[in-house]
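S.K.: Here is my input, please return the structure:
(one chain, ligands or ions: 3)
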Amino acid sequence: MKRASGFFARIFGFEKLSKYESDYLHDSNIRSCSYMGFIVVLLELWMLIRQTYSKIIPKYQAGGDLFDLLVKYTSKYWLFLLIGVGLMLFCLFYNREKKLSKGRFIALVSVGTACMLYTLVLKLETFMATSEAITPVMAAIMNIMLVSVYVFLFVIGAVIVAYALFKYLKNKNVVPLEHLAIIAFTLVCLAFGIFVSYSDFWAGKEIICYLTMVLYVGCLLIYRPYVTLLILGTSFLGFYFILLTYQGGLTFARQEVVISGVAYKIISGDAVNYITFFISLATICFAIYHGRLTEARNSKALEKSAKEDPLTGLYNYSYFTKLAKDSIENLTGDHVFLFIDVHNFKAFNDQRGFEAGNRFLVAISKCISDVFRDSLCGRQADDHFVVLTKAEGLSDRLNAVNALVHGYDDEILLGINCGAYHLSGSAEDPRMSIDRARYAAKLIKNRYQTIYIEYDERMSEAYHKRLYIINNIDNAVKNGWIVPFYQPVVWSDSGEMCGCEVLARWMDPVYGRLFPNDFIPVLEEYRLIHKLDRAIYEFAFRDLRAAMDAGKPVVPVSLNFSRLDFELMDAVTELDELAAKYRIPKELVHVEVTESALMDNYSKLNEAMERIKALGYSLWLDDFGSGYSSLNVLKDYQFDVVKIDMRFLSNLENSEKSRTLIDCIIQMANRINMLTLTEGVETKAQAEFLHSVGCDRLQGYLFGRPIPLDALYERIGKGELTVSERRV
Ligand code: C2E
Ligand code: CA
Ligand code: CA
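M.R.: Numbering: from 1, shown residues only. Ligands and ions are numbered 1, 2, ... in the order given. A predicted model of the protein is given here:
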């Protein structure tokens, strides 16, 4: 029962529409009004021209008074023309969100004022239907209609002026006035149709004008079906009775028309046709309403996906920045962009699973949008949120967010890092501002106690350097600012050079020599690292090829691979193709992958590791012991060499524990068939100890800093370094 009533409610349009849906229907009505306005204007212009030629000019030439003639024969057309122009402008300039421009404001106010003035200047009786040929009832009805239209014009003028004032001065949507415009149009169209068609009917012609106008109203404008039924029903019934008052009743006139000598009888319309038309029109209106509603729903879904982050329902980043850009100029008082990063989210995700991670993100977003209810909130990506809010009372709000995040899991230490950037003017680019806030947030990333930091001028220099790197990586590669430096690796027993690691340097025209610490983390953060690495591999192979061609002694090169290289490019294929291009034997290439890269069990990475080995390159584990869970990495992959992180060497001389640890690591690696290399060897004592515990290779300042290739060969030439023939 309930379902059936729901069904009927839906069919007849009694259901509750969402704001989006009713706005959508409303907007499309306003658009229809502007088309219809245009047609009315054309029609009335045509009528004015016709009247001028057929009535005014002949009568004027016969000695009539021009003003009287104009008033008598054209008043009602001017009237409709003005209404048409007014409504067309009104609808054309309607915009749900934007403020009116000055030009549009002036246009609207002038037309509105003209409408009002017109009704004041003309005398009412010129409108009265005076033809003696129509019935008294009809004359009365038509007079009422004309007077209403006349009064209407005044109201419409006032509405247009009021709308323009509100919109221009206060930038407010004046919804009742907009509805009034649509209703006005409906009534004007119906009145016009009835008016013209009655005269036509009376002259024995068909009632086409009325039917056309009803079609306009019913099909171009979309009311809820029950409203359509009401409007059309009343109008049809009303007109039907008007026609009944015609002397002959509804026995419509039949006319005889002779075409090429044949006589045709044309029936001008009859009651049955009239009712059939009403029924079919009503059906079409229903269909259009429901069609348009479906359209609204589809378009809402589309619009939603363009604006919202699907997981959290917050604005997505691009829509957030668009809204922020639009709202910045209207902000008063101190406002900030916040960049909120969740500390340890990755650990949470790893330990609790992806689904739980998603639930956590949803909870955080809900909290952020509650706490910053009056502000603009969005999700940038991953666990990064952005907010545009007023600076006042900020710390309480952030504490509230932090409290939720901190208390979310009993075992994992969670919290937020928030960077803030104060807006300094209306010309701010939100993306730049957010980037500064993000930069600030990064500075406190590993400080558990600090949840908030503001971007300030002191950060500005470092920030700009970073920006410079991001913007110039392509130039740096293209212009040869990226240079490979080579650091020797030696056998621990003989001290002879058995390889070298390629380390990037950026020789910048502005900043001078930049070290990997300056640019590698930034390039990784912005996912540009593959551009650098691809270039470095090529430079290294080119150098190696040149040395081989020149008959110089060569050693294998170790290349550093970032975890992101495997995501951002097909790193293994690139490497293999470059090696082929420069004809580099595979045993001369070592691939270094850091331990942290391998920690999340990412299938693409596994595949890449297997391909490296399968293609015949040597696979080295870099920075062993610098992160956590290293032993799993050893279990999951077969490395040729494990590079022990230089942190183990600090304090080696005084710490028995450090010595034991290194000893054990080397034993363990050997037991699972991996060789070892220790990095950061700076003293002879360290080197001797490492040799004594069986570490195969050594690398560090003791044997040489990273230097350009020429300098390396110079050292070899001087006998400071001896090149070993041994490969393993
Ligand atoms: P890494 O791969 O662990 O490279 C060793 C780093 O330790 C180098 O720093 C090297 O100069 C430094 N080093 C070598 N021996 C000693 C020593 O005896 N004492 C001390 N204190 N340091 C020593 P560098 O060149 O600044 O590189 C830093 C990191 O940047 C590298 O660490 C590597 O992870 C990364 N990196 C460098 N070049 C590239 C590259 O072309 N691509 C990628 N993806 N990463 C690179
Ligand atoms: Ca390395
Ligand atoms: Ca290393």
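
S.K.: what stretches of this structure score poorly on pLDDT?
M.R.: For the chain, the stretches flagged by pLDDT under 70 are 1-4, 96-97, 123-135, 138, 204, 244-259, 262-272, 426, 600-601, 628-629.

S.K.: near ligand 3, which residues of it?
M.R.: With C-beta under 5 Å from the ion as the criterion, the chain meets ligand 3 at residues D622, D623. C-betas here are computed from N, CA, C, even on glycine.

S.K.: following the lengthiest strand in the chain, which helix or strand comes up?
M.R.: For the chain, the strand that runs over the most residues, judged by DSSP state E, is strand 497-508. Scanning forward in sequence from strand 497-508 by DSSP states H and E, the next helix or strand is strand 512-514.

S.K.: by contact count, what packs against that following strand?
M.R.: strand 497-508 (3 or more C-beta pairs under 8 Å, 6 or more residues apart in numbering; DSSP states H and E).

S.K.: V85: what's it in contact with?
M.R.: Contact partners of V85, counting by C-beta atoms under 8 Å, 6 or more residues apart in numbering, are G37, V41, V111.

S.K.: Give me the spatial nearest neighbour of the last one, chain neighbours excluded.
M.R.: When you say that, I think you mean V111. G86 (4.9 Å; C-beta to C-beta, 6 or more residues apart in numbering).

S.K.: same check, this time on the first one
M.R.: The shortest distance from G37 to any residue that is not its chain neighbour, by C-beta to C-beta, 6+ apart, is 2.9 Å, and that residue is M88.

S.K.: Nearest to ligand 3 within the stretch 301-450 of the chain, name that residue for me.
M.R.: N446 (20.1 Å; C-beta to the ion).

S.K.: top of the contacts of V85 by neighbour count?
M.R.: Comparing these by number of neighbours (other C-beta atoms under 10 Å), G37 comes first, having 23 neighbours.

S.K.: That one touches G84, doesn't it?
M.R.: Yes - counting by C-beta atoms under 8 Å, G37 touches G84, with 5.1 Å between them.

S.K.: gap between S655 and F648?
M.R.: According to C-beta to C-beta, to the nearest Å, S655 stands 10 Å off from F648.

S.K.: And these two? Which one has more around it.
M.R.: Higher neighbour count among S655 and F648: F648, with 20 against 12, using other C-beta under 10 Å.

S.K.: Wait, a helix at that one?
M.R.: Yes - under DSSP: H, G, I helix; E, B strand; the rest coil, F648 sits within a helix.

S.K.: so what's it closest to, chain neighbours aside?
M.R.: I662 (5.4 Å).

S.K.: what about that neighbour, neighbour count?
M.R.: 22.

S.K.: ok now do it, which residues does it touch?
M.R.: I662 neighbours (C-beta under 8 Å, 6+ apart): I644, F648, L649, L652, T678, F689, L690, V693, C695.

S.K.: now, which of those sits nearest ligand 1?
M.R.: The closest of the contacts of I662 to ligand 1 turns out to be L649 (C-beta to the nearest ligand atom; 8.4 Å).

S.K.: got the residues of the chain near ligand 1?
M.R.: 487, 503-504, 515-517, 520, 529, 533, 536, 560, 562, 622-623, 679-682, 699-701, 706 (C-beta under 6 Å from any ligand atom).

S.K.: Among those, which lie within helices?
M.R.: The members of these that map onto helices under DSSP state H are P516, N517, I520, I529, D533, I536.

S.K.: Contact partners for the fifth one?
M.R.: What it means is D533. D533 touches L559, N560, F561, S562, D565, A571, counting by C-beta under 8 Å, 6+ apart.

S.K.: Out of those residues, which comes closest to G261?
M.R.: Among the contacts of D533, A571 lies closest to G261 (C-beta to C-beta), at 89.9 Å.

S.K.: distance of the closest residue to that closest one other than its chain neighbours from Y637?
M.R.: Excluding its sequence neighbours, the residue lying closest to A571 (C-beta to C-beta, 6+ apart) is D565, at 4.3 Å. Distance of D565 to Y637, given as C-beta to C-beta: 16 Å.

S.K.: Closest residue of the stretch 151-300 of the chain to ligand 2?
M.R.: For the stretch 151-300 of the chain, C-beta to the ion, closest residue to ligand 2: K300, 52.3 Å.

S.K.: ok but that residue is inside a strand, no?
M.R.: No - read with three-state DSSP, K300 is helix and lies in no strand.

S.K.: Around it, how many other residues sit close by?
M.R.: That count, for K300 with other C-beta under 10 Å as the rule, works out to 15.

S.K.: Who's the closest spatial neighbour of it, skipping the chain neighbours?
M.R.: K300's closest residue in space is Y20 (C-beta to C-beta, 6+ apart), at 4.9 Å.

S.K.: counting contacts, what elements does the host helix or strand of that neighbour pack onto?
M.R.: Element membership for Y20 (DSSP H and E) is helix 19-51. Applying 3+ C-beta pairs under 8 Å, 6+ apart, one finds that helix 19-51 contacts helix 66-92, helix 175-202, helix 271-307.
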